[in-house]
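Peer 1: sequence and computational prediction follow.
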Amino acid sequence: MSSARPGQFVRGVFLRDHCAIDKRAAIAMHSCMDWRSVTFDWNRARAFLVTAEEGSLSAAARALGMTQPTLGRQVTALEEELGLVLFERVGRGLVLTQAGTQLMGHVRAMGEAAVGVSLAASGQAQAASGHVAVTASEVYSSWLMPRIARRLRDVAPGITLEVVASNEIRDLRRREADIAIRNARPEEPDLIAKRVGEDEGTFYGSIDYLERLGPITDPADLARAEFIGFADNTQFMEALQKRGIPVTPAQFPVLTSSHTVHWEMARMGVGLGTVPCGLGDAAPEMRRVLPDVTFRFPIWLVAHRELRTSPRVRIVWDLLAEALPELLSHPE
């Protein structure tokens, strides 16, 4: 350990000479942390945390990239070490006991601290070259991200871009991605967000399907149309009904969890699809069904607060912030 020099900051204390070290702070730090009382393994605590959050050993094992028996042994070892029963089995899942619930808050704080250390280290260790993962919906990943990638190759050829195409919200705090393009502002305090614009979507049908369907002049006419639905279709139906569009489950002959499949089904004339207007208007074989009925939604860029200090992530963030409003307003 190097000695402090006069006039140097050490732990927030300005040293006027070599003897000016704040001994009270050192004594306080030593007295408030008894490292001998910390007896359990962090790997076991992490196994407990992820199992509690995922709800089963199998899901937690997949999240951590380990085998289920190995994860189970770590959780059991933690229970034996602490002398507590942390989980109860309910059906095929696991639920926290009272002791597990009380422990959860402390272990989650440990997990967030560990992630913070990892983020700080990775952000400082790498410059403008390296790997950056951007997560976006399937539609944005296939429609907008290729143009983003092309621009990134011009401005920062040393960065490797990974596009995580997913309609699920990825956990940025666990490094499932570095940057996310979302339709809602995050609530987590350690995430930062910037609203970069708005997009809008509407109903589209193939020319062939619309000819078979007949004239559609107002929302009531959609009662005789068929739609391509989503895996969780109840929420989608409720949103349509709130807009005065009379739909029933019988009008959804096909459901899919993939937005890309949803669009391809609509293009093949299976039913009406709902996509961003920039994508739908550019398809020559598709037509808007009711041009005046649109659905507007915000576009947010989201990243972990620590990762914004990483040069490579900042480059991609700034490129997205500049390019997305342009691409959404002039989709080509």
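Peer 2: In hand now; what should we look at? Worth saying up front: this structure is predicted, and the values here are computed from it rather than measured.

Peer 1: could you check how far the residue lying closest to residue 145 once chain neighbours are set aside is from residue 78?
Peer 2: Nearest residue to residue 145 in three dimensions, chain neighbours excluded: residue 163, at 4.9 Å (Cβ to Cβ, 6 or more residues apart in numbering). (Each C-beta comes from the backbone N, C-alpha and C, glycine too.) Residue 163 sits 37 Å away from residue 78, going by Cβ to Cβ, to the nearest Å.

Peer 1: residues in contact with residue 182?
Peer 2: Contacts for residue 182 (Cβ atoms under 8 Å, 6 or more residues apart in numbering) come out as 169, 193, 299, 300, 302.

Peer 1: beta-bridge partners for the third one, please?
Peer 2: Beta bridges link residue 299 to residue 197, judged by DSSP bridges.

Peer 1: what's the burial count for it?
Peer 2: 20 (other Cβ atoms under 10 Å).

Peer 1: so who does it touch?
Peer 2: Going by Cβ under 8 Å, 6+ apart, residue 299 touches 181, 182, 183, 195, 196, 197, 198, 199, 324, 328.

Peer 1: which residue ranges of this structure form strands?
Peer 2: 9-10, 13-14, 87-90, 93-96, 130-136, 159-165, 179-182, 191-206, 228-230, 254-256, 273-276, 286-288, 295-304 (DSSP state E).

Peer 1: list the buried ones in the last one?
Peer 2: Under the neighbour-count criterion of 16 or more other Cβ atoms under 10 Å, strand 295-304 has 299, 300, 301, 302, 303, 304 buried.

Peer 1: please enumerate the helices of the stretch 101-250 of the chain.
Peer 2: 138-143, 145-155, 207-213, 233-242 (DSSP state H, counting those that start in this stretch).

Peer 1: need the contacts of residue 299 in TSV (columns: pLDDT and distance to residue 70).
Peer 2: Below are the contacts of residue 299 laid out as TSV (pLDDT from 0 to 100; distance: Cβ to Cβ, whole Å):
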residue	pLDDT	distance to residue 70
181	92	35
182	87	34
183	84	38
195	91	43
196	89	42
197	88	45
198	90	47
199	92	44
324	91	42
328	83	46
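
Peer 1: most neighbours among the residues you listed, please name it.
Peer 2: In the contacts of residue 299, the most neighbours by other Cβ under 10 Å go to residue 199, 23 neighbours.

Peer 1: tell me how far that residue lies from residue 63.
Peer 2: Counting by Cβ to Cβ - residue 199 and residue 63 are separated by 31 Å.

Peer 1: one step back: tell me, how many neighbours does the residue nearest to residue 145 end up with?
Peer 2: Count around residue 163 with other Cβ under 10 Å applied: 17.

Peer 1: give the contact list for it.
Peer 2: Residue 163 neighbours (Cβ under 8 Å, 6+ apart): 133, 134, 135, 136, 141, 145, 149.

Peer 1: select only the buried ones of these in PyMOL?
Peer 2: A single PyMOL command selects the buried members of those (16+ other Cβ under 10 Å):
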select buried, resi 133+134+135+136+141+145
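
Peer 1: can you redo the contacts of residue 163 as a markdown table with pLDDT and distance to residue 244?
Peer 2: Below are the contacts of residue 163 laid out as a markdown table (pLDDT from 0 to 100; distance: Cβ to Cβ, whole Å):
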| residue | pLDDT | distance to residue 244 |
| --- | --- | --- |
| 133 | 90 | 40 |
| 134 | 92 | 36 |
| 135 | 90 | 34 |
| 136 | 91 | 30 |
| 141 | 93 | 32 |
| 145 | 94 | 34 |
| 149 | 94 | 40 |
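
Peer 1: rebuild the contacts of residue 163 as JSON lines, extending it with distance to residue 94.
Peer 2: What follows is the contacts of residue 163, written out as JSON lines (distance: Cβ to Cβ, whole Å):
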{"residue": "133", "distance to residue 94": "30"}
{"residue": "134", "distance to residue 94": "33"}
{"residue": "135", "distance to residue 94": "28"}
{"residue": "136", "distance to residue 94": "32"}
{"residue": "141", "distance to residue 94": "33"}
{"residue": "145", "distance to residue 94": "37"}
{"residue": "149", "distance to residue 94": "41"}
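
Peer 1: show me which pair in the contacts of residue 163 is furthest apart.
Peer 2: 135 and 149 (14.1 Å; Cβ to Cβ).
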